[in-house]
Structures are given as C-alpha cells and as structure tokens.
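Enquirer: kindly return the folded structure for what I paste below:
(chains A and B)
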Amino acid sequence: MLDIKALRENPQILREVLSKRNMENPWKNDSMELNVESFFALQNQYLKLIQEIENLRTRKNKIAEEFGLRKKKGEDTATLSQETETLKKNLALLEEEFSKIDKKFLEATLRIPNLPHASVPPGKTANENVVLRQSPEIPELSSSAREHWEIGKNLNILDFEAAGKISGARFSLLKGKGAQLERALIAFMLDVHTREHGYTEIFAPFLVTAQSMQGTGQLPKFEEDLFKLERDGLYLIPTAEVSITNLHRDEILEESSLPKKYVSYSACFRREAGSYGKDTKGLIRNHQFNKIELVWVTTPKTSFEDLELLTRHAEAILKKLEIPYRVVALCGGDLGFAAAKTYDLEVWMPGEKKWREISSCSLFTDFQARRMNIKYKNLQGKKELVHTLNGSGVAVGRLFASILENYQEKDGSVKIPKALRPYLQMETIEK
RNA sequence: GGAGGCGUGGCCGAGCGGUUGAAGGCGCUGGUCUUGAAAACCAGUAUCCCGUUACAGGGAUCGAAGGUUCGAAUCCUUCCGCCUCCGCCA
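Expert: Numbering: from 1, shown residues only, chains lettered A, B, ... in the order given. As a prediction, this is how the structure comes out:
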C-alpha cells in the first residue's frame, strides 16, 4: 500500500497514480462507493474521530491515576468513578463509529495500486508497451508449423482429454517423455539460478493464509482470481511470490544481509475468472501450472538496478535454451496492481505465430513491504522499509509449449535443446 | 485427535492488579581510554499513530480478539502459534 501520511500531505500522489495507470476510480469495481474526493473526506473523518477518542482516553487515564493516589491517601473516589462511567459510555459510542471508519479506510487504502515509476512508459493498454530488446534471430519456420497442443497430442506426451475427465477445463496432463521434460525444465532452471546466479532455493507451502495474500497484494482486491479452501480459510497460491515474500513478514533484517535472493519452484493455481473463451487450448492458460519464481528482498538504494539483474537472470534461461524472445517494458496502463515497474519476457511461438508472455519481472518498491511490515536496519541503525522484487524464472508450462513449437521438426518430432540434454538423456521426442 | 506447558522489546529474560513501555543481560550507536584494535568504563537505544516549522504534549501496542476493573503485561473467556507426552499417519 501507499504511505498514508505522504498521501495526506500530498493528495496529488493519488491523482498521479491514477493518471499514470489510466484509471479513474480505483474502487470502481469494488462496490465501495468511493471516489478520490470521498476518499480524502473519509480520511478527514478518520482523523477527527481519532483525535476525539484520544482526548477522552487522556482524561480516562488521568482519572485512573488520580484514583490510585486518592485511594492511597484514603480519600473519597466516588466522583471519579462516576465521571469515568459517563466517559466510558461516550468512548464506546465513538469507538464503535471509529472502528467502522477505520475498517473502511484501511479497505480503501489496500485497494489503491502502487505508484508507477517515472521510467515507466506512458500508455493505456498493452499495445503501448515498449520493446526494449529482442533476440537477434527469429528462426524461419514454415507456415505449416504446428501449435504445441497438436504436437504434444501427436507425440502422446500431452493429454487434455484425460485432464478434462479428471478435473475439467483448463487443466493439463503430461505423459511419458512429456512429464520427464517438465521435470527436467524445473531441475534445469533451479540449477541455473542457484549455481550461476547465487539464489537460495526454497520450497514453500502452496496453501497460505488470507494475511499472506494481503501482504503481497492479491487480497482484498483480487479474491475472485484465487482458489479458496473455505473450510480452512486457506488459499492456493497463484504464484510462489506469495509464500516466499511473506517469509520475512514482520521482520527487521540487517542491511548487510541484503539483498536476499530466493528461487522457488511451485505449482500455481489461478481461477482465470473473466477469461472464458480466451486461450482455451493448450498450456497457455491453465488453472494449475508450474513456475520457477525469483524473489528479491533488497534496499531502496539498489532496487532499480536489481530489477535489471533479476530480468537478466530470467532471460538467461531462454538464452541457454535458445528460444527466441523479447523484453518488453510495460506501460502504465498495463502495470500490475502492486508493481512500480515491470519487464515482461515474451517468447515467440511459431505455431501460434504469437509472442507469449513467459515471465514478468517487477519491482514493488515499498508497496508490499509496507503491507507486510518488512524493514531493514541500515548501517546507521535506522529502520526503513525494504523493497521487494520478483519475476518468473520462468513459467514451466509456457516454456514447455515454446520448446515444442520452436524445436518441432517436419516429421512431427521435437528436438531437445542442448542445454537440457544432461537432464533428459535423450535428443528428440518422437512417436 | 487427547493431556499438560508456554507465547514479553533486535535477541535472551524478569515482572503476575496501580507512575511498568516494561528490571537485568546480550546486541547496536556515540564517548572516554589506546599508535590502532580489544577489554573496561560512561551515555544512549521499541514500534505505530495524532500533534508541532522544530520541540513539547498525547494515544495505542507485552501472540490475537473479547471481558472483569476507577486502573490489566499481570485476572477471566475464546482463538491462533510453539513445545512435551499419548494416539494416528506418508
């Protein structure tokens, strides 16, 4: 969330957030009946109430103190008890009102997105994203190149009918060499990031509490996108970002221990509400998919450079596997809720003839840290909020699909990228 | 799942109804001493919020939420987490 105090002192910040994101009213779809004006009015109401309450509490505390003194001296305390009684009644009324306002104000604040950084390109939609760099060669595959779901089906390594029978739409099932390829990709990426990029590997829970979801920003605004276990009050993670970033919730870290760099494999679960009919085929948009996630906890001093490094780490996977890709800077209108800046990695899908997002690398500045109360003690001993970053390093299912499409041969077989061969002990997948 | 124990500041740990935001220690910061460092000694050192140009001042916080009381870290209830023993289990 944003710094409430800064927001009050400079309401322009909120307008800036909205204009950069091409957003009129952050509460529009939240049935909160708020707008920018009423938000600030709410905040004033909040301040007025808290001041009134604190005045009453001051008096109440004074009376209690006085009571003790009088009791000691054996003096009369009846008038004091009386005054407290009326005081408590008034307080109860105000406090009840306050708790409503407080809750509403917090809810409203948690739903304001992060402020896009000055370097984020302006724009309303994904069409205005800016391509920063692109792998030099996009191999010419014949126009008869097939889509990955067809290739996978023909090779008997992908079975969407079986997945549908077991779990319904938007699930996938890998068989034989397909399952092995998936496993090899996971191991390969974890190895690259731990051995070559200095990440610490974590394997964390896939089920998390509502508080964890609030910490990284999925809640309260995006409840509809999540799978929830009602009975236990737990949610399935849509990304390992949630588990890993919350690792340090309510902690104060030493500056010398930063940056912390974590890599984690996890299954990810997304309801994909509102994307009916979109990408219904193949591995692109499933309810469950595997992902390797990179997470940094760092200081504001280096976070923008850190985003460049993290992005390069994700790119390294695609370079090693020799898959054509490009790096795109998201424009303000396309930026995710918690992000201040994001680079997407997109791979070329010769079968689909489309660029497909395979990684999203973002800097969240102190937006998540404030929600999670993660601080660090700087070298002068002062406590400051950390900056958090994360990025896919990379999405396994989409990587799987891009390998099938980019490494397909005319006879329908698929070559295994050289970098992956030590993990698979085979050179091609054929019928 | 059953029985018992425990949750206090960055960490360890005292406090078990009144000026206790909390002893003591460790750690950290500054100082004295030293060529320098260590040791020793002295001083300072929670967070959030309101308020102030800045001070001052005020409020909240001892796992969480309620309750009792003029007054709660201390008493009561519920919940959560951790530990020990038993049961079950990959």
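Enquirer: only C-alpha atoms from now on, for both contacts and neighbour counts.
Expert: Fine.
Enquirer: mind checking the SS state of the residue of the stretch 301-431 of chain A at minimum distance from RNA strand B?
Expert: Nearest to RNA strand B, among the residues of the stretch 301-431 of chain A, is residue A:381, at 5.2 Å (Cα to the nearest atom of the strand). What DSSP: H, G, I helix; E, B strand; the rest coil gives for residue A:381 is coil.
Enquirer: counting neighbours, what do you get for the closest residue to RNA strand B within the stretch 151-300 of chain A?
Expert: Here the residue of the stretch 151-300 of chain A nearest RNA strand B is residue A:252; by Cα to the nearest atom of the strand that distance is 6.0 Å. If you count neighbours by other Cα atoms under 10 Å, residue A:252 ends up with 16.
Enquirer: please tell me the pLDDT value assigned to it.
Expert: Looking at residue A:252, its pLDDT stands at 82.
Enquirer: does it touch residue A:372 like I think?
Expert: No - the criterion here is Cα atoms under 8 Å, and residue A:252 misses it with residue A:372 at 11.1 Å.
Enquirer: neighbours of the residue of the stretch 301-431 of chain A closest to RNA strand B, how many?
Expert: Neighbours of residue A:381 (other Cα under 10 Å): 10.
Enquirer: same thing with residue A:65?
Expert: 11.
Enquirer: the strand or helix carrying it and RNA strand B, are they touching?
Expert: For residue A:65, the element it lies in under DSSP states H and E is helix A:36-73. Yes - under the criterion of Cα under 7 Å from any atom of the strand, helix A:36-73 makes contact with RNA strand B via A:47, A:50-51, A:54-55, A:57-69, A:71.
Enquirer: now the residue lying closest to residue A:71 once chain neighbours are set aside: how far from residue A:125?
Expert: Using Cα to Cα, 6 or more residues apart in numbering and skipping the chain neighbours, the partner closest in space to residue A:71 is residue A:77 (7.1 Å). From residue A:77 across to residue A:125, the span is 69 Å (Cα to Cα, to the nearest Å).
Enquirer: where does the prediction get shaky in chain A?
Expert: Applying pLDDT under 70 to chain A flags residues A:141-142, A:380.
Enquirer: quick revisit: mind giving me the PyMOL select for the residues of helix A:36-73 next to RNA strand B, buried ones only?
Expert: Remark: buried members of the residues of helix A:36-73 next to RNA strand B, expressed as a PyMOL selection using 16 or more other Cα atoms under 10 Å:
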select buried, chain A and resi 50+60+63+67
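Enquirer: if we can go back for a sec, what residues are up against the residue nearest to residue A:71?
Expert: A:67, A:70, A:71 (Cα atoms under 8 Å, 6 or more residues apart in numbering).
Enquirer: distance to residue A:403 added to the residues you listed, as a markdown table?
Expert: Shown next, in a markdown table, are the contacts of residue A:77 (distance: Cα to Cα, whole Å):
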| residue | distance to residue A:403 |
| --- | --- |
| A:67 | 78 |
| A:70 | 83 |
| A:71 | 82 |
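Enquirer: RNA strand B: which of those is nearest?
Expert: Checking those against RNA strand B with Cα to the nearest atom of the strand, the nearest one is residue A:67 at 4.5 Å.
Enquirer: could I get the full set of strands for the stretch 51-200 of chain A?
Expert: Along the stretch 51-200 of chain A, the segments classed as strands by DSSP state E, counting those that start in this stretch run A:130-134, A:200-202.
Enquirer: partner strands of the shortest one, parallel or antiparallel?
Expert: It refers to strand A:200-202. The pairing partners recorded for strand A:200-202 under DSSP bridges are strand A:260-269 (parallel).
Enquirer: the strand it pairs with: which residues count as buried?
Expert: Result for strand A:260-269 [16+ other Cα under 10 Å]: buried residues A:260, A:261, A:262, A:263, A:264, A:265, A:266, A:267, A:268, A:269.
Enquirer: the last one: what's it in contact with?
Expert: Spelled out, that is residue A:269. A:226, A:227, A:236, A:237, A:238, A:239, A:287, A:288, A:289.
Enquirer: narrow these to those that are buried.
Expert: Buried subset of the contacts of residue A:269 (neighbour count, 16+ other Cα under 10 Å): A:226, A:227, A:236, A:237, A:238, A:239, A:287, A:288, A:289.
Enquirer: quick check on the third one: phi, psi?
Expert: Note on residue A:236: its backbone torsions stand at phi -80, psi 130 [degrees, to the nearest 10].
Enquirer: same deal with the one 5 residues further on?
Expert: Backbone geometry at residue A:241, expressed as degrees, to the nearest 10, gives phi -50, psi -40.
Enquirer: doesn't residue A:390 make contact with it?
Expert: Yes - Residue A:241 lies in contact with residue A:390 (Cα under 8 Å); the separation is 6.8 Å.
Enquirer: and for these two, which residues touch both?
Expert: What both residue A:241 and residue A:390 touch, as defined by Cα under 8 Å, 6+ apart, is the set A:293, A:294, A:295.
Enquirer: can I get the residues you listed in a markdown table including distance to residue A:319?
Expert: A markdown table is the format used below for those (distance: Cα to Cα, whole Å):
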| residue | distance to residue A:319 |
| --- | --- |
| A:293 | 17 |
| A:294 | 17 |
| A:295 | 20 |
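Enquirer: select from these every entry located in strands.
Expert: Residues of those located in strands (DSSP state E): A:293, A:294, A:295.
Enquirer: nearest to residue A:430, of the residues you listed?
Expert: Nearest to residue A:430 among these: residue A:293, at 30.5 Å, using Cα to Cα.
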